[in-house]
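>>> no FASTA, just this:
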Ligand SMILES: [Zn+2]
């Protein structure tokens, strides 16, 4: 059976067919790194990590790319306000992003390209568009000539005429047409800039993803993903840029996750219901947060509240308890030779059901229901007069396997390796050097939780296991 994906481009569920046998080339639009991410950004991180894990579970090799927008207006503003360099701020929040989503069980991407490290590719991509007549320079800026790409609007299902009726040229605009969008911006005084054939400046937002997807994955990719709010204009513009430039279809499947609401209201700074993932993972068990996020199919909106998170915790605990009881019983059960195929077949049936649900556009909500059914069956089995090691092991292993696919593995946390401890100590040293004492303390606490005791000496930091 194939994995079926709802494709925003065709508005249909389609069986996944990779460009290359056994491989998935997947690009996910990442954050602009000027602040900690809020839980709205944590959702795509978790959702598309689960998509990746599921493909891997089904035997695919996934080339997962997630970019960091490390220069833009917000970053420049933050740099000015904090009296820091744009790169320093970006570095800090990239580290924070990796830690926060890492706590939520998100694996590192194969590639994490940054705009400032791909400036040559971006500039030559823009030059390619100019050479082909799809873009033009105007007073130090470069714009994409939207009407020159006749399939514009195909992702968001809007026609150029519809779009044009809602837009107009602003006074002082250098554009030929109101629908044209920026590829390169002329430098303003005091801003960080790069040299280009059109003078010094910096790229617009959309172009980075076209240039970096091409560099890391090739001209045509399997899956392009991001939050629903990116469909228009960001992804529409990416398609226009890439297909105009490469002369090839850009992405075969477009996946978009739904919004997150807080207490049934849209999250916004003005409503004061803005929740940072950074704070949330400190207050709650990150596995419960991830479990909660996956309790709704990714395309649907999800409502967040403390009450709902509490509910998720007790649900997750039910699965955990069954798992622990199975393990406990296993230790006190003898291995018997009797035929156990009936129960073993039953357990195997849950695995099949789980795969069927996940094959249906990664329906984690239904996959979690299967986990509950498996849990119920395990509890029922534990009530039998005689339990058998083989069946207990089958329950134990399947619970581990399926929770692992969802990124909420039940297995006990493994001990930190020496290298991992050394790396954290080095990071703490750097944090202190950068006067980021909050981070330095955080690392000390994190290590303490994992039973590692630090001792600062004049020769450096020593550590031992407690
Ligand atoms: Zn993008």
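Perfect, I can see it now. Note that the coordinates shown come from a computational prediction; the quantities given were computed from them, not determined experimentally.

>>> Next one: the residue most central in space within the chain relative to residue 308, how far apart?
Nearest residue to the geometric centre of the chain (CA atoms, centre = their mean): residue 45, 2.1 Å. Between residue 45 and residue 308 the computed distance is 19 Å (CB to CB, to the nearest Å). All C-beta spots, glycine's among them, are computed from the backbone N, C-alpha and C.

>>> Please apply the same query to residue 280.
13 Å.

>>> Kindly report the same for residue 423.
Counting by CB to CB, the separation of residue 423 from residue 308 is 36 Å.

>>> Tell me where the stretch 251-400 of the chain has helices.
Remark: helices assigned in the stretch 251-400 of the chain by DSSP state H, counting those that start in this stretch are 277-283, 286-293, 306-331, 341-359, 364-382, 389-405.

>>> for the stretch 1-150 of the chain, same thing?
Taking DSSP H, counting those that start in this stretch to define them, one finds helices in the stretch 1-150 of the chain at 39-57, 73-82, 86-103, 119-131.

>>> Which of residue 280 and residue 308 has more residues huddled nearby?
Neighbour comparison, residue 280 and residue 308: the larger count goes to residue 280, with 19 against 14 (by other CB atoms under 10 Å).

>>> which residues does that one contact?
Neighbouring residues of residue 280 by CB atoms under 8 Å, 6 or more residues apart in numbering: 39, 42, 289.

>>> Neighbour-wise, which one of those leads?
With neighbours defined as other CB under 10 Å, the most crowded of the contacts of residue 280 is residue 42; it has 28 neighbours.

>>> Which element, helix or strand, includes the residue nearest to residue 121 when sequence neighbours are not counted?
Taking CB to CB, 6 or more residues apart in numbering, and ignoring the residues beside it in sequence, residue 121 has residue 211 as its nearest neighbour in space, at 4.7 Å. Following DSSP states H and E, one finds residue 211 within helix 206-217.

>>> how about the residue of the stretch 101-250 of the chain found nearest the ion, what does it touch?
Taking CB to the ion as the measure, the point where the stretch 101-250 of the chain comes nearest the ion is residue 209, at 3.2 Å. Remark: with contacts taken as CB under 8 Å, 6+ apart, residue 209 is in contact with 27, 29, 67, 234, 238.

>>> which among those residues are in contact with the ion?
For the ion, the contacts drawn from the contacts of residue 209 by CB under 5 Å from the ion are residue 29.

>>> ok, so of the contacts of residue 209, who is nearest residue 145?
Using CB to CB, residue 238 comes nearest to residue 145 of the contacts of residue 209, at 15.8 Å.

>>> so what's the backbone phi/psi at that closest one?
Recorded main-chain torsions at residue 238 are phi -60, psi -40, according to degrees, to the nearest 10.

>>> what's around it, how many residues?
By the measure other CB under 10 Å, the count of residues near residue 238 is 26.

>>> With residue 99 instead?
Counted with other CB under 10 Å, residue 99 comes out at 19.

>>> where are the low-confidence patches of the stretch 51-200 of the chain?
Per-residue confidence for the stretch 51-200 of the chain (pLDDT under 70) gives these ranges: 169, 171.

>>> and this structure, which of its residues are near the ion?
Proximity of the chain to the ion is assessed by CB under 5 Å from the ion, with 29, 209 identified as the residues in range.

>>> can I see the domain layout of the chain?
Each structural domain of the chain that the record assigns through automatic domain parsing is listed here as a residue range: 4-257, 277-405, 418-465.

>>> Pick the most buried one from those.
Per-residue neighbour counts averaged over each of the domains of the chain give the maximum for domain 4-257, namely a mean of 19 (mean count of other CB atoms under 10 Å).

>>> Just the endpoints, please. Distance across it?
16 Å (CA to CA, to the nearest Å).

>>> element containing residue 422, please.
Assigning secondary structure by DSSP H and E places residue 422 in helix 418-433.

>>> could you say what helices and strands the helix or strand following that helix packs with?
Next along the chain after helix 418-433, taking DSSP H and E as the criterion, comes helix 437-449. The helices and strands touching helix 437-449, judged by 3 or more CB pairs under 8 Å, 6 or more residues apart in numbering; DSSP states H and E, are helix 418-433, strand 452-457.
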